[in-house]
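In: need a structure here:
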Amino acid sequence: MPRKNELEKSQNKIPSLRKNIEEPKPGRKKVHTEAQEAYYAKKSEAWKTVMEEAKKSSKPKMGRPTTYTEELADYIIDKVASSAVGLKQMCIDDEMMPDQSTVNLWRWKHPEFSTRYQLAKQHQTYLMGEDCEEIAKEVEYISDQQGCSKIDPGFIASRRLIVDTKKWHAAKLAPTIFGDRRAVEQLQGENESIKAELMALKLQLAEVNKKEY
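Out: Numbering: from 1, shown residues only. As a prediction, this is how the structure comes out:
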């Protein structure tokens, strides 16, 4: 009978011994290989990048300015006067610029801003002229059926269209500088005629005033 109890006790001890052997001792860290460490490091960096992009996308985007201020008006005038790009593309490229319709509305509602804007556009014509020179120099080549290289006529046609469009804008904004010679001479002749008529009217008014007094 005593032997049976000792046998049962020894059998009960076996699982606990196996458990102690299989389970790691508390406090021991699992060691990874260099490849595993590199993998976990890349995974952590990728997770941080995803979280940062998620935070950025969750931030509300600032809308275009809609309130007229002198500082914003100065910024728009300086931008127009120093670039050969049109207003529409300028507003698209620069987030600090208002929408194109907003700028056009301010030109209507604020006479001083409209005058300054017109002067900036006239100054922009010089930049358009310089831009045309650079565009005219651009050339692209293609290969014909014999494998010979030649200038691409389609590219030249597109460049010519861009240059003609810029020249048209420049002629409208500054006709006395970039306009057609005949049109300029006609305009100058009309101005001289108007000046002569105004001078004659001024003399007539002076004679009338002398008779009254």
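In: In this protein, where is pLDDT below threshold?
Out: Along the chain, the model assigns pLDDT under 70 to residues 1-32, 54-62, 176-191, 208-213.
In: hmm, 80 instead?
Out: Applying pLDDT under 80 to the chain picks out residues 1-43, 46-63, 132, 144, 166-213.
In: ranges for the strands of it?
Out: For the chain, the strands defined by DSSP state E cover 141-143, 149-151.
In: possible to save those as CSV with distance to residue 123 and mean neighbour count?
Out: Using the backbone N, CA and C atoms, a C-beta is placed for each residue, glycine as well. As requested, these are arranged in CSV below (distance: least, CB to CB, whole Å; neighbours: other CB atoms under 10 Å):
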stretch, distance to residue 123, mean neighbour count
strand 141-143, 36, 10
strand 149-151, 34, 10
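In: I'd like to know how many residues surround residue 82.
Out: 12 (other CB atoms under 10 Å).
In: which residues does the residue most central in space within the chain contact?
Out: For the chain, residue 93 is the residue whose C-alpha lies nearest the centre (CA atoms, centre = their mean; 1.8 Å). Applying CB atoms under 8 Å, 6 or more residues apart in numbering to residue 93 gives the contacts residue 85.
In: ditto for the one 4 residues further on
Out: Neighbouring residues of residue 97 by CB under 8 Å, 6+ apart: 64-65, 75-76, 79, 90-91, 103.
In: Dump the strands of the chain to TSV, plus distance to residue 41.
Out: Below are those laid out as TSV (distance: least, CB to CB, whole Å):
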stretch	distance to residue 41
strand 141-143	49
strand 149-151	51
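In: Of all those strands, which one is nearest residue 135?
Out: Residue 135 lies closest to strand 149-151 among these, at 14.9 Å (CB to CB).
In: wait, isn't residue 163 in contact with residue 138?
Out: No. The pair residue 163 / residue 138 is not scored as a contact, 10.2 Å apart, by CB atoms under 8 Å.
In: These two - which one has more neighbours?
Out: residue 163 (16 against 11).
In: burial count for the closest residue to that one other than its chain neighbours?
Out: Leaving aside its chain neighbours, residue 163 sits nearest to residue 132 (4.8 Å; criterion: CB to CB, 6 or more residues apart in numbering). Residue 132 has 19 neighbouring residues, counting by other CB under 10 Å.
In: My read is that residue 132 contacts residue 165, right?
Out: No. Counting by CB under 8 Å, residue 132 sits too far from residue 165 to count as a contact (9.7 Å).
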